[in-house]
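Novice: Any chance you could fold what I've pasted below:
(3 chains)
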Amino acid sequence: MQRIGVFVCWCGSNIAGTVDVHKVAEALKSEPGVVIATQYQYMCSEAGQTLIKDAIRDHKLTGIVVCSCSPRMHEATFRKTAAAAGLNPYMVEIANIREQCSWIHKDMEVGTEKAIILGRAAIAKVHLNAPLVAGESPVVKRALVIGGGIAGIQTALDIADAGFPVDIVETKPTIGGKMAQIDKTFPTLDCAACILTPKMVDAAQHDKINIYAYSEVAEVKGFVGNFSVKIKQKARMVDPVKCTGCGLCVEKCPMKKVPNEFNLGMDKRSAIYIPFAQAVPKVATIDPTACLKMKTGKCGLCATVCEAGAIDYTQQDSFIEEKYGAIVVATGYNPINLDQFDEFAYNQSPDVVTSLEFERLTNAAGPTAGTLLRPSDGKHPHTLVFVQCVGSRCDGAEKGKSYCSKICCMYTAKHAMLCREKYPDTEVYVFYIDVRTPGKNFDEFYRRAVEEYGVKYIKGMVGKVAPQADGSLLVQASDLIEGEQLKIKADMVVLAAAIEPDQSARPLATMLTASMDTNDFFTEAHPKLRPVESPTAGVFLSGCCQGPKDIPETVSQASGAAAKVIGLLVKDSLTCNPCVAHSDELMCNGCSACEKVCPYGAITYQDKEFRMPDRTTAIRRVASVNPAVCQGCGACTVACPSGAMDLNGFSNSQIMAEVDAICK
Amino acid sequence: MSHNKETLREIVIETAGVNPRKCMKCGKCSATCPAYDEMEYHPHQFVSMVEAGKIEELMNSKSIWMCLSCFACVERCPRGVEPASFIEAARLALIRQQGKNHLKAEDVPAKLNDKLPGQAIVSAFRKYSK
Amino acid sequence: MQVEKKEFKPTIVAFCCNWCSYAGADLSGTNRLNYPANVKIIRVPCSCRVNPMFVLRAFQRGADGVIICGCHPGDCHYTTGNYYARRRMTLLFSMLDFLGIERDRTRLEWVSAAEGAKFAKTMNEFVEAVTKLGENKRLEDLRCKKQ
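Specialist: This next block holds a predicted model:
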C-alpha cells in the first residue's frame, strides 16, 4: 500500500474562490492510502514546496497528489520538489482543479464536488504509479549531412565550425547542387557561382568535413545520438586520391557525345567527365553507360594519358559504415517533368525551355557561353514569353502539384530583367496568375523589372504554344485585364516549372522513419516552433526537402538545423523520457501489430529463450521497445492484441483506475 | 415557372458537377478557347458569373451557343473547374425552363410521323415539360 | 400526482490528448469559458492511447457519455496517432451503437491547443445531448452501481 500525501493549493483566490479547499482536503483524507491531506495558499511557492518536502520526509510518503493548476504549468516544479525530498519524481500526480475546475465553475458546491472527484482520480492513479528512472544514452559526436547543395554545405560548415566532425554524402560527382547551375541570384543579381564556389572550397578544405561525393545512403540503423549508417560509394573508375583533376583525360576521351546533365542535356560531354570547372572534389568520373572501354573493352585512352595513374576500370561500389549522433536531410528539389503539359509544346520544340535550362543558356559557363541563343538554330531571339505557374497550384487536375513553388515569381522577374538589360532589342512578356513577392527587397525587384526594364507583365495564362513552320512559336494567351485573347509570335518560351522533392527523398524517409507529406516533402516536428527538426528524434531538415525555398531561406534553415545538431552533439548523453512503452515478454506473441503502428520505428523483435511450464525451453519471437527512440504516444499499447504492451506513466491499469474513480 | 437567382445558381452548379470556387482566376481557359473572339462572355467569366449567381445573364447571352464543347478548357484547367461544364449546365437550364419550348400533348398527333422514332417523342416530353 | 424529480446530471468522461486538447481545455479555463462540471478530464499522451477498453470500462462503471479529444488531423504531436484513434473509435462507436449505446453518447472531436472556445462549446453540446438521452443503463454493470 502506498503512503500518499495530498496537497491542495488555494492559488490565492484562483482556486479557493470557487472550491472549498478545506473541504477537499478533508474529503480526500479519508481516501485509502492517504496519510496526510493538507492545504496551503501557494503550493508552488518556496514555503509550499518546503511543506511538501517536509511531509514527504515526516510521513515517509511514497506518492503525492497535488491539487493545483494544470500539470502543463507546474508538474515539472512538483516533480523537482519530490526529487529534492528523495521521492521518485514520477510518483507525483497533479489534479487539475484550477483550469479545469475552479476557473470554469462559478458555484462553490459544484466546484468543490468536482475537485474532490478529480483528487480521487489522481489518488487512484498514484496508487499504481511506479518509480521511473530516466535512462541515458550516449551521443556519438559526429554528424551526417545527406545532400551537398547549398543547404547541406552550409549545415556542414556550421557544425564543423563548432568543432564536430561532419560527413557530407552527395549522390552526384560534385557538391554544389542546384545553386551551381544558377547564373545570377535575386534580388541582388550577384553571381551564384561567385558566392557558392568559395563555400564549396571551404567545405572541401575544412579539417572537420569529409565529403563522400558520388555516394548514397544505403542503410540507416539506430536512433538519436547513435545512428549507424551504411554509405555506398559508387564506382567512379577513378581513384579520387590520385586524380589531380587536370582534365587531360576529359580532353582526350574519344566518346564526346554524351548529353551533359549539368547543362540539362543542352550540350555534350565526354564519357569521362568533370561536371564543371569548380567541381568539388575535382575528380574525373567515368560514365559506365557511355565509356567505350567499359562497354566494348576497346579504348583505354584515358588510362594511357593519365600521368597520375588514377584510372581503374575494375573499381567496384564500396561500402562504408560509420556512426553518427545526428542526421541532417538536405536532399533538395528538382523541376517537375513537363511531359504531361503538352499544350506548352515542351517536347515539340527545343525553343521551349524550363527556367533552369534558361539559367544555363544565360550562364557564362553554359552551353552558349552566356550569349542568349535559341537552342534550335542558334539565332538571337527577339520575342520571349515567360509562363509562370507551370505545374504549380494545380489542384483538382490530374497533373501538376497543388502547392505554390514559391521561387518562380522571383526568378522569372530576374530572367526577364536580365534579358531586357543585356538585349534591349528584345520584347519580353511574363504571363502571371499572381505575382508573389513576399521577401526583403523582392517586390521592389519585381517592380523594377516592370518600371525600369519595361517587361510586359500580363495577368493571364498561356493556353497553347504552337510551333510554326517558320520556326517561331505561336503563343495563345489571355489578357484578363484587357479582356482579350492574345496571339504572340515568340522566338522562345520559358516555362517556370513547379519544383518537387528529389526522388531519393522517399526511400530515405523510409530508412530514417521520418514522416513526409503527400507531396513527399519532409514534415517538420512542429510547423511553427520546430521547423528544422523532423518528428523523428535526431533527424533534422535543411532546405527544399522540407518545402520550396529560395537561397536565403535555405541558408537560414541550414544554419538553424546546424544549431540544433550542435545542441545535440554537445551533450555527452541524452536523458530519455521514461514514460515509454514496454512489452511484457511473457504475454507477447510476436504478431508485429505494434511494430506496424509505431511512427518512430522504436519496436524491434528478438528471438528469446523462455522456460516453459513443463521445464523445457522454447525460443519465441518477442517485441522489445528501444526506450531511446520511443516517444511514448501509446499507439502500440492499443494495437497489441494480447495486452503485452503497456505505457509507463499512463498504464492501462492507471487510466482504468482514473475512469473508475470518476464514474464512482 | 422560372427559378429565383439562388436556386438557378444551385441548379447550374449541381448539373455541372464542379465547384466554381476552385477557380484561381488564371485565365488559362480563355487563353485556350478557340471560340474566344465570338463570345461576349469568355470562359473564365462563365465561372465567376456562375459563382456570382449571374445565371440569367449567362443564359441570355449568345456566348453559350458559341462554345464548341471542344473541352480544351476542361483539359487544361489547372484546378479542375471545367468552364465547359458550366456552359452545358446553363444551356440545359435554359432548355429545361418550363413553359418554354414546351411540347404540348395536343400538338403530338400532328407531329407523329412514321419516320420519327417513338423514343424521340418520349424524350422530348421528358426534356421540355419538366 | 406530482413526483419530485431530481435533475439528471450525467457523468461524462473526457479523454484529452496531452498536446492539443488538454491544453485546449486549460485554455478554456484560462478564458473562464463555462462548461458543465459533469465533464471530468483524463489526460492521455495521445488520442491513440485511448484503448477501446477504457471506453467500455467507463460505460460499465456508469458513465453516461464518453468523449475523446485529440489534435486535428495532420497536427498530431506523434504524427499519426489521431488517425489511429479515428479508425479505432469509428469501429468502436458503431459497435456500441449496435449494442444500443446511442451514437450521441460517444464522440470524437479534434480540439487544438488554441481552441479553448471550441472545447467549451463541444462540452456544452455533448453534455446537452447526453442529458437528453438520460441515464446509460444498457452497459452499466449493476454490481458497480452505488447505492
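Novice: domain parsing for chain A?
Specialist: A:4-127, A:143-234+A:318-332+A:504-569, A:248-305, A:334-500, A:581-648 (automatic domain parsing).
Novice: Next: chain B.
Specialist: Split by automatic domain parsing, chain B gives B:5-97, B:102-130.
Novice: any idea which of these is most buried?
Specialist: Highest mean neighbour count among these (mean count of other C-beta atoms under 10 Å in any protein chain shown): domain B:5-97, with a mean of 20. To be clear about C-beta, it is placed using only N, CA and C from the backbone, and glycine gets the same treatment.
Novice: so does it get close to chain A?
Specialist: Yes - on the criterion C-beta under 8 Å from any C-beta of the partner chain, domain B:5-97 is in touch with chain A at B:22, B:24-33, B:36-37, B:42, B:44, B:72, B:76-81.
Novice: How about the backbone phi and psi for C:G134?
Specialist: C:G134 adopts backbone torsions of phi 80, psi -170, taken as degrees, to the nearest 10.
Novice: picking that back up, now for the domains of chain A, which one comes closest to B:T7?
Specialist: Counting by C-beta to C-beta, B:T7 lies closest to domain A:334-500 out of the domains of chain A; the figure is 25.5 Å.
Novice: Distance from the chain centre to that closest one, please.
Specialist: Put simply, domain A:334-500 sits 30 Å off its chain's centre (C-alpha atoms, centre = their mean, to the nearest Å).
Novice: now swap in stretch A:99-107 and tell me
Specialist: With C-alpha atoms, centre = their mean as the basis, stretch A:99-107 stands 42 Å off its chain's centre.
Novice: and the domains of chain B as CSV, adding mean pLDDT?
Specialist: Shown next, in CSV, are the domains of chain B (pLDDT from 0 to 100):
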stretch, mean pLDDT
domain B:5-97, 91
domain B:102-130, 68
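Novice: Tell me where the stretch 351-500 of chain A has helices.
Specialist: A:355-362, A:408-422, A:442-451 (DSSP state H, counting those that start in this stretch).
Novice: Which helix or strand contains the closest residue to C:Y83 other than its chain neighbours?
Specialist: Ranked by C-beta to C-beta, 6 or more residues apart in numbering or on different chains and with sequence neighbours excluded, the top spatial neighbour of C:Y83 is C:P73, at 6.7 Å. Counting by DSSP states H and E, C:P73 is held by no secondary-structure element, helix or strand.
Novice: quick one, phi psi at C:P73?
Specialist: phi -50, psi 130.
Novice: quick one, which of the domains of chain A is nearest to chain B?
Specialist: domain A:334-500 (2.8 Å; C-beta to the nearest C-beta).
Novice: That closest one near chain C at all?
Specialist: No - Domain A:334-500 lies apart from chain C when judged by C-beta under 8 Å from any C-beta; the minimum separation is 14.5 Å.
Novice: Span of that domain from start to end?
Specialist: 6 Å (C-alpha to C-alpha, to the nearest Å).
Novice: mean confidence score for that domain?
Specialist: Domain A:334-500 shows a mean pLDDT of 95.
Novice: now stretch C:55-64
Specialist: In the prediction, stretch C:55-64 has an average pLDDT of 94.
Novice: Run the chain-centre distance for it.
Specialist: That offset, for stretch C:55-64, works out to 11 Å (C-alpha atoms, centre = their mean).
Novice: can you check stretch A:297-313 too?
Specialist: Offset of stretch A:297-313 from its chain centre (C-alpha atoms, centre = their mean): 42 Å.
Novice: Quick check: chain neighbours aside, which residue is closest to the residue of the stretch 1-150 of chain A found nearest chain C?
Specialist: Closest residue of the stretch 1-150 of chain A to chain C, C-beta to the nearest C-beta: A:E99 (3.2 Å). Nearest residue to A:E99, sequence neighbours excluded (C-beta to C-beta, 6+ apart): C:G29, at 3.2 Å.
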